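*Asks:* please work out how this folds:
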Amino acid sequence: MALGSVRSCGVTTLALGLAATWPSDRRVLLVEADPAGGTVAASAGWAPEPGLVSLAAAARRGGDPTMLRKHCQHLPGGAAVLAGPALADQAQSALGMLGPVLARLGELDADVLLDCGRLDSTGLVTWEEAGRRVLVGRPRLPDLQALATWLDARGSDPVHVELVMVGDGPYPDGEIAQTLGSEVLARVPWDPRTTDALVTVPASARELRLAPFVRAVRTLADRLAEGDAGVIPHLAADAEAGKPEAAAETSGTVSVRNRVWRGWRATGPSPSHNGSKPEEVAR
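*Replies:* The predicted model follows:
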């Protein structure tokens, strides 16, 4: 599963939280495949290697994806992380060399999370290879318009894109989902202090397990691990009611970009409905 963003908004934060709270009965691997460079190693105080660069050097002698485990470091809870280098040129070079290996990640006996970073022209390779794609964004108008424009430019992508909203904003998840035509899987709080602690303290530790961010991403991790793509309840209800406008919204005949402008008219944003507990928001 690939995680990316159109604007910089905490993809690594979410990926790290998911890896740290992934169900304990399943193996998980976090790959920092961000062409702009990685940050997890520096945050955790790890040595630069092993990581993405050392794997790229080893891959010259063969492309077996099982070799990847030898180049991982581990979060306190045990999740494996293939850390990216800090420099963008090193990250892009390593990712270019590792194309055949990354294309075979599905052969591993693990759930793989790809942190693709910001999806500019250099960050689409690993994103395109993923079987499930999650865009991370903020529930604010500039970010939502950027998401809409990006989705519209993608056209008829055969792989459905899902959304995770990070932080607070005036637009409820249901309205975002209806306007962009993609399900909002969860909304998680913006909490850099907690995510900084996840590289040194297990998510199950007393001081972290009840933190709103940890509770929200644990709920989301459980859902993603189960392979639950979910539905957009309010769209399904409208369709069952036989509303022609709902059918038009889901038919793909109206561009996403136009739906954004219609969804957020000059009348102003809808009241926020995101004051619920993280578990409720993530449903």
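*Asks:* from Ser204, how far off is the closest residue to Leu198 other than its chain neighbours?
*Replies:* Excluding the flanking residues, the one nearest Leu198 by CB to CB, 6 or more residues apart in numbering is Ala20, at 4.6 Å. C-beta: built from backbone N, CA, C; applies to glycine. Using CB to CB, to the nearest Å, Ala20 is found at 9 Å from Ser204.
*Asks:* ok, Arg61 next?
*Replies:* From Arg61 to Ser204 the distance is 38 Å (CB to CB).
*Asks:* please apply the same query to Arg27.
*Replies:* 17 Å.
*Asks:* swap in Leu82?
*Replies:* Applying CB to CB, the value for Leu82 to Ser204 is 23 Å.
*Asks:* so between these two, which is more surrounded?
*Replies:* Taking neighbours as other CB atoms under 10 Å, Leu82 and Ser204 compare with Leu82 leading, 27 against 14.
*Asks:* which strand residues bridge that one?
*Replies:* Following DSSP bridges, Leu82 is listed with bridge partners Val31.
*Asks:* is it true that it touches His71?
*Replies:* Yes: at 6.1 Å, Leu82 counts as touching His71 under the criterion of CB atoms under 8 Å.
*Asks:* quickly list what's touching both of these two.
*Replies:* Gly51, Leu52, Leu55 (CB atoms under 8 Å, 6 or more residues apart in numbering).
*Asks:* what's the local residue count around Leu114?
*Replies:* When neighbours are counted by other CB under 10 Å, Leu114 registers 27.
*Asks:* check what pLDDT the nearest residue to Gly10 once chain neighbours are set aside gets.
*Replies:* Nearest residue to Gly10 in three dimensions, chain neighbours excluded: Val166, at 4.9 Å (CB to CB, 6+ apart). pLDDT, the model's per-residue confidence, is 94 for Val166.
*Asks:* got a list of what Val166 touches?
*Replies:* Contact partners of Val166, counting by CB under 8 Å, 6+ apart, are Cys9, Gly10, Thr13, Leu14, Val136, Gly137, Arg138, Arg187, Val188, Pro189, Trp190.
*Asks:* hmm, 7 Å instead?
*Replies:* With contact taken as CB atoms under 7 Å, 6 or more residues apart in numbering, Val166 is in contact with Cys9, Gly10, Leu14, Val136, Arg138, Val188, Trp190.
*Asks:* list only those of these flagged as buried.
*Replies:* Using 16 or more other CB atoms under 10 Å as the burial test, those include Cys9, Gly10, Leu14, Val136, Arg138, Val188 as buried.
*Asks:* looking at those, which are in helices?
*Replies:* If you go by DSSP state H, the buried ones among the contacts of Val166 have Leu14 in helices.
*Asks:* can you pull out the strands in the stretch 151-283 of the chain?
*Replies:* For the stretch 151-283 of the chain, strands defined by DSSP state E, counting those that start in this stretch occupy the ranges 161-166, 184-188.
*Asks:* let's have the ones you listed in a markdown table, adding distance to Glu32.
*Replies:* Shown next, in a markdown table, are these (distance: least, CB to CB, whole Å):
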| stretch | distance to Glu32 |
| --- | --- |
| strand 161-166 | 18 |
| strand 184-188 | 19 |
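*Asks:* among these, which is nearest Arg218?
*Replies:* Taking CB to CB, strand 184-188 is the member of the strands of the stretch 151-283 of the chain nearest to Arg218, at 10.2 Å.
*Asks:* list the helices and strands the closest one packs on?
*Replies:* strand 161-166, helix 173-180, helix 212-225 (3 or more CB pairs under 7 Å, 6 or more residues apart in numbering; DSSP states H and E).
*Asks:* make a markdown table out of those and add distance to Ala33.
*Replies:* Formatted as a markdown table, the helices and strands packed on strand 184-188 follow (distance: least, CB to CB, whole Å):
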| stretch | distance to Ala33 |
| --- | --- |
| strand 161-166 | 17 |
| helix 173-180 | 24 |
| helix 212-225 | 17 |
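*Asks:* wait, which of the ones you listed is closest to Gln145?
*Replies:* Closest of these to Gln145 is helix 173-180, at 10.1 Å (criterion: CB to CB).
*Asks:* by contact count, what packs against the closest one?
*Replies:* helix 141-154, strand 161-166, strand 184-188, helix 233-240, helix 256-263.
*Asks:* mind telling me which of these the model trusts least?
*Replies:* Mean pLDDT is lowest for helix 233-240 out of the helices and strands packed on helix 173-180, coming in at a mean of 33.
*Asks:* with adjacent residues omitted, what lies nearest to Asp120?
*Replies:* Pro35 (7.8 Å).
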